[in-house]
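> sequence and computational prediction follow.
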Number of protein chains: 2
Amino acid sequence: MLKPGDTIGILGGGQLARMIALAAAPLGLRAHIYAPEGDNPAFQVADAVTSAAYDDLGALEAFARAVNVVTYEFENVPVATAGHLASFVPVHPGPRALGITQDRLDEKTFISGLGIDVAPFAAIDDVAGLEAALERIGRPAVLKTRRFGYDGKGQVMLRAGDDAAAAFAAIGRHPAVLEGFVPFEREVSVVAARTEDGRFAAYEVTENEHRHHILHRSTVPAAVTPSVETLARDIARRIGEALGYVGVFAVEMFLVVVDGTQSVVANEIAPRVHNSGHWTLDGARTSQFEQHVRAIAGWPLGAVERLGRVEMTNLIGDEAESWHAVLSEPGAHLHLYGKAEARPGRKMGHVTRIFPEA
Amino acid sequence: MLKPGDTIGILGGGQLARMIALAAAPLGLRAHIYAPEGDNPAFQVADAVTSAAYDDLGALEAFARAVNVVTYEFENVPVATAGHLASFVPVHPGPRALGITQDRLDEKTFISGLGIDVAPFAAIDDVAGLEAALERIGRPAVLKTRRFGYDGKGQVMLRAGDDAAAAFAAIGRHPAVLEGFVPFEREVSVVAARTEDGRFAAYEVTENEHRHHILHRSTVPAAVTPSVETLARDIARRIGEALGYVGVFAVEMFLVVVDGTQSVVANEIAPRVHNSGHWTLDGARTSQFEQHVRAIAGWPLGAVERLGRVEMTNLIGDEAESWHAVLSEPGAHLHLYGKAEARPGRKMGHVTRIFPEA
């Protein structure tokens, strides 16, 4: 168990690391950020920083020896890096959660193995395999690289008439998974936290609207039935349990309606704080960032109670130029990430708005 | 007007600087802390730091040239320092507010010159003057050094029979002010913000309970009548206006009851964010720290709306050892300041608790 004055090591220098560091400070903890050279806005709020590559074993060891626990802001941390760090200091979430969630095939297999509904899927290693899988799963279907995809990168939709060979080429002929398209009504997610000794707390189901494969807006409460609310949180609980997970994670799900009844299909696990949980910064009693710190510190989890109807809107690229208008809006909370350059598609910040309950 | 990416320079490395820096980050601003060597917990969350004395003109100039605006966390910044910085970069609040509030006599004269009730007072330079003033003002009365007093330091109470010479010796024979004792019911304060172009916003009146001359607990709403609520905020507005103040400040007041009617007597002005405003961190739509940043940045002020009944309790000295119990309490918010050593009387952190409106 950590104590005030201890240091949290965070791999990654972006906005998630930055918001974890900002949440750690009021709890009396220091943040040490480890990230390769680049624009690392988390450095601006950290007590200590290391600029080094994720395979620099010497730098990793020095970092591990300088901190009391290690966590990360993104799931593509090399498992070897996490394993190396884990030989010196606790790493939360652990290499197992990282390994499974880095590979879409392993992840889908893991989730469905828990008896949780997922889209029909198949492992794809070549065009012949893809064609056979399309026969079985049908179209439309989505072909996704097994590794290193996010925000819609590394995936392609196959509709009637689309050529399998061209699709496989489009994702670089990497080992892949084909997923049957789920005719979903809405996308939802559950952000939850689990501690090493099995305590668990899930925020309310969040409804997510994407634009160009990037999260645009999250709203809470989601338009889901009470039984789906319960089911979705229970899915997160079972996944957290099966992973022996420590920290905050998110489960993205599709809301489907079959014969007039809502249900959910699990899509993917993010082993980290998640964009769809940013609403908790102002909209919940405890933010997901503080919750993550509490969980990896071995501390009591905070209250997940919601403080109103909440809407979180991402500021992508030049949308961040609206900062002054946001500041002028009573009750809107501006969160800018301190990034140097507003490239198209880049998450520059977000806004939360809290409304009284209807 | 500042823009995201700009840097706020803060003089002082303690908890107030730390909380200003933590509030600046989500607004996209960087913090550069300037403080003499020592335990400077604000350094832990700053983008840049300067360790130098407040009279190091070279270091001050380099600091001023590295930032877009300068502010400070405590009122005892030498006026010469503020003036030197102001030749390079805007300094908010300005040297005038600093000068007046550094001297209890100037401050009392300034406040009463605005037609605001203060305790009867007299300038004291020697024992004879003290004896004469005691005749006029009566006892009990409080003798306070004109400069550099805080948390009850540099002051002594004179009750019937107390020796004037001994009292004057007790405060080091410094130039002083004698203040008539105000038989107050309660201590209250108003925390407010003002911008350069005269916009003003005051938080609700806060009721403050001191122990051993150190703030123990603040509660909001205060047990004051609507007319006192209005009067107290109006006093803050008039003081802010007369000082041409930019930033957050606090006015400490005594609540008195005369013939069954409440009124307030102004006691002192703090030209900075204030301990009695810490409840706004979780208990108001905009915290005093964010509000201060908005004000000195020339940005719109935030909403000051309260989010429930709020109680803020300081953690003094070893009271901070209760951190784990605080974390276990649903809805309590822990704020630790990252200080190395828990000396008696040292403010180590605070807790806010938000309750539904009665």
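Great, that's in hand. Note that the structure is a prediction, hence the values are computed from the model and not measured. Numbering: from 1, shown residues only, chains lettered A, B, ... in the order given.

> pLDDT weak spots in chain A?
A:149-152, A:358 (pLDDT under 70).

> where do the helices of it begin and end?
In chain A, the helices defined using DSSP state H lie at A:15-24, A:57-66, A:79-86, A:95-101, A:104-113, A:127-137, A:164-170, A:226-243, A:280-283, A:288-297, A:323-328.

> got a list of contacts for the longest one?
Where contact means C-beta atoms under 8 Å, 6 or more residues apart in numbering or on different chains, the residues beyond helix A:226-243 that reach it are A:93, A:96-97, A:100, A:110-111, A:114, A:116, A:188, A:190, A:192, A:194, A:198, A:200, A:202, A:204-205, A:222, A:224, A:245, A:249, A:251, A:253, A:255, A:262-264, A:266, A:269, A:271. The C-beta positions use only the backbone N, C-alpha and C, and glycine is treated the same way.

> send the alpha carbons of that helix over as PDB?
The C-alpha trace of helix A:226-243 is given here as PDB (Å, rounded to 0.1, in the frame of the first residue of the first chain):
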ATOM      1  CA  PRO A 226     -32.200  -0.800 -15.800                       C
ATOM      2  CA  SER A 227     -31.500  -4.400 -16.700                       C
ATOM      3  CA  VAL A 228     -28.900  -3.300 -19.300                       C
ATOM      4  CA  GLU A 229     -27.400  -1.000 -16.700                       C
ATOM      5  CA  THR A 230     -27.000  -3.900 -14.400                       C
ATOM      6  CA  LEU A 231     -25.800  -6.300 -17.100                       C
ATOM      7  CA  ALA A 232     -23.200  -3.900 -18.500                       C
ATOM      8  CA  ARG A 233     -21.700  -3.200 -15.100                       C
ATOM      9  CA  ASP A 234     -21.700  -6.900 -14.300                       C
ATOM     10  CA  ILE A 235     -19.800  -7.600 -17.600                       C
ATOM     11  CA  ALA A 236     -17.200  -5.100 -16.400                       C
ATOM     12  CA  ARG A 237     -17.000  -6.800 -13.000                       C
ATOM     13  CA  ARG A 238     -16.600 -10.300 -14.500                       C
ATOM     14  CA  ILE A 239     -13.900  -9.000 -16.900                       C
ATOM     15  CA  GLY A 240     -12.000  -7.200 -14.100                       C
ATOM     16  CA  GLU A 241     -12.200 -10.300 -11.900                       C
ATOM     17  CA  ALA A 242     -11.000 -12.700 -14.600                       C
ATOM     18  CA  LEU A 243      -8.100 -10.400 -15.400                       C
END
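
> roughly how far out does that helix sit from the chain middle?
16 Å (C-alpha atoms, centre = their mean, to the nearest Å).

> so for that helix, what gets flagged as buried?
Neighbour-count burial for helix A:226-243 flags A:228-229, A:231-233, A:235-240, A:242-243 (criterion: 16 or more other C-beta atoms under 10 Å in any protein chain shown).

> do you know how far the residue in chain A sticking out farthest from the centre is from A:L134?
The C-alpha centroid of chain A is most remote from A:G161, which lies 33.5 Å away (C-alpha atoms, centre = their mean). According to C-beta to C-beta, to the nearest Å, A:G161 stands 11 Å off from A:L134.

> and what of A:A59?
45 Å.

> more neighbours: the two, which one.
Per other C-beta atoms under 10 Å in any protein chain shown, whichever of A:A59 and A:L134 has more neighbours is A:L134, with 21 against 15.
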